[in-house]
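*Asks:* predicted coordinates and the sequence they were generated for:
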Amino acid sequence: MSRTVTVGLDGSPESLAAADWAAREALLRAVPLRVVHAGEQPPHAYEPFAADAVPLPGEDRCARMLHEAEASLAYRHPGLQVTAGKLAGQPAAALAAAARSAEVLVLGSRGAGWAAGHLFGSVALAVVARAEGPVVLVRPGADVAGEHRPDAGGIASVVTPYRDVVLGLQLQDQVGDEVLGFAFDAASRRGAGLRVVYGWSAGSSLWAGEADEPAVQVQRTLEETMRPWREKFPGVEVTEEAAVGRAGAHLAEASRDASLVVLGRRRRHTAVGPHTGPVTHEVLHRAAAPVVVVPHG
């Protein structure tokens, strides 16, 4: 199967926003867009992409939603190849499986303050924790204007530059090449800068016994980590910002002026199964921009 950008659609406003974001990402990557609905649950009551009559009794609402999405996305994004279909099985497992054959899997998220809702609470977090490929969560209202910088007249559009891509790093943990590669590639495709926000604790044992001050060690580690990627992507302008304390709060704030936030998730299992760490959990709930979680290790 050829690589795709895949988006999970359930008819909710956040999933409709995710579908539009996924279409733009597929064009950036020059790959097809695959729109899927997982499980047997009927879609939310939704405002169709294109105004249409009230569905007839007994009509397959999922098939109708997917057909409308396929037609509308292809119309509004010329040159984009779009396919649509259903996935059998439980939604979280089906979507996590779909991520294996996708360059990215895109899901909707209601964002701040909503941890127990239909998609984000019961499905999206489970997919993020289990997927073997990158998963992007997109909030309602995410649009082109939010991804691009405003011009002199205060108007943002596809012809103005992209906002920075923000990369969250925890230097106390081993940094995966998958995470760094995704962030630099995303910035390069957008012609955007890469803003690296790295979290560290002055009391960490990571630099115990070193002659230099912890701050010096942090800077040295970061420079060594970034050096091969700067050489591979010389056109990407990189800026660095230290976050002492709660990195999640710093990243949530940085997301307000970002086109995308990139986080890593180490592949590991606990007694209660796969999970996301506290920084990732906080950013997923509070970020203003789309967030991609990239598994590594």
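*Replies:* Done, it's in.

*Asks:* what ranges do the helices span in the stretch 1-150 of the chain?
*Replies:* Along the stretch 1-150 of the chain, the segments classed as helices by DSSP state H, counting those that start in this stretch run 13-29, 61-76, 91-99, 125-130, 144-147.

*Asks:* touching stretch 134-141 from outside, list them.
*Replies:* 13-14, 17-18, 21-22, 25, 99, 103-111, 120, 124, 127-128, 182, 260, 284, 287-288, 290-295 (C-beta atoms under 8 Å, 6 or more residues apart in numbering). All C-beta spots, glycine's among them, are computed from the backbone N, C-alpha and C.

*Asks:* domains for the chain, by residue range?
*Replies:* Domain ranges of the chain: 4-138, 160-296, per automatic domain parsing.

*Asks:* residue ranges with poor pLDDT in the chain?
*Replies:* 1-2, 41-42, 44-59, 111-122, 171-174, 200-214, 268-275 (pLDDT under 70).

*Asks:* quick check: which of the domains of the chain is nearest to A145?
*Replies:* domain 160-296 (9.2 Å; C-beta to C-beta).

*Asks:* and the residue lying closest to M65 once chain neighbours are set aside, how many neighbours does it have?
*Replies:* Counting by C-beta to C-beta, 6 or more residues apart in numbering, the nearest residue to M65 once its immediate chain neighbours are dropped is P43, at 4.9 Å. Neighbours of P43 under the rule other C-beta atoms under 10 Å: 16.

*Asks:* likewise S188?
*Replies:* Neighbour tally, S188, other C-beta under 10 Å: 16.

*Asks:* returning to that earlier point: tell me the spacing between the residue nearest to M65 and G8.
*Replies:* According to C-beta to C-beta, to the nearest Å, P43 and G8 sit 11 Å apart.

*Asks:* try R61
*Replies:* Counting by C-beta to C-beta, the gap from R61 to G8 is 16 Å.

*Asks:* compare those two (neighbour count), which wins?
*Replies:* G8 (27 against 16).

*Asks:* what residues are up against that one?
*Replies:* Residues near G8 by C-beta under 8 Å, 6+ apart: 15, 18, 36-38, 91, 95, 98, 105-108, 119, 123.

*Asks:* partner residues bridging it?
*Replies:* V36 (DSSP bridges).

*Asks:* coming back round to it: what touches both of P43 and G8?
*Replies:* Counting by C-beta under 8 Å, 6+ apart, the residues touching both P43 and G8 are H37.

*Asks:* so what's the residue count around the residue nearest to E25 when sequence neighbours are not counted?
*Replies:* Nearest residue to E25 in three dimensions, chain neighbours excluded: V5, at 5.1 Å (C-beta to C-beta, 6+ apart). Using other C-beta under 10 Å, V5 has 25 neighbouring residues.

*Asks:* is it true that V5 touches L27?
*Replies:* No - the pair V5 / L27 is not scored as a contact, 9.0 Å apart, by C-beta atoms under 8 Å.

*Asks:* do you know how far the residue nearest to E25 is from L125?
*Replies:* 21 Å.

*Asks:* centre of the chain to the strand or helix carrying V279, how far?
*Replies:* Assigned by DSSP states H and E, V279 belongs to helix 278-286. Computed by C-alpha atoms, centre = their mean, to the nearest Å, the chain-centroid distance of helix 278-286 equals 12 Å.

*Asks:* list the buried residues of it.
*Replies:* Buried positions in helix 278-286, judged by neighbour count with 16 or more other C-beta atoms under 10 Å: 279-286.

*Asks:* any chance of those residues in JSON lines, plus distance to E70?
*Replies:* Output for the buried residues of helix 278-286, formatted as JSON lines (distance: C-beta to C-beta, whole Å):
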{"residue": "V279", "distance to E70": "36"}
{"residue": "T280", "distance to E70": "32"}
{"residue": "H281", "distance to E70": "33"}
{"residue": "E282", "distance to E70": "35"}
{"residue": "V283", "distance to E70": "32"}
{"residue": "L284", "distance to E70": "28"}
{"residue": "H285", "distance to E70": "31"}
{"residue": "R286", "distance to E70": "33"}
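
*Asks:* G79: which of those is nearest?
*Replies:* For these, the nearest to G79 is L284 (31.7 Å; C-beta to C-beta).

*Asks:* so what's that closest one up against?
*Replies:* 109, 125, 128, 137, 276, 291, 293.

*Asks:* turn those residues into CSV, columns for neighbour count and distance to T83.
*Replies:* CSV is the format used below for the contacts of L284 (neighbours: other C-beta atoms under 10 Å; distance: C-beta to C-beta, whole Å):
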residue, neighbour count, distance to T83
S109, 28, 24
L125, 23, 27
V128, 32, 24
L137, 30, 22
T276, 17, 30
V291, 29, 26
V293, 23, 25
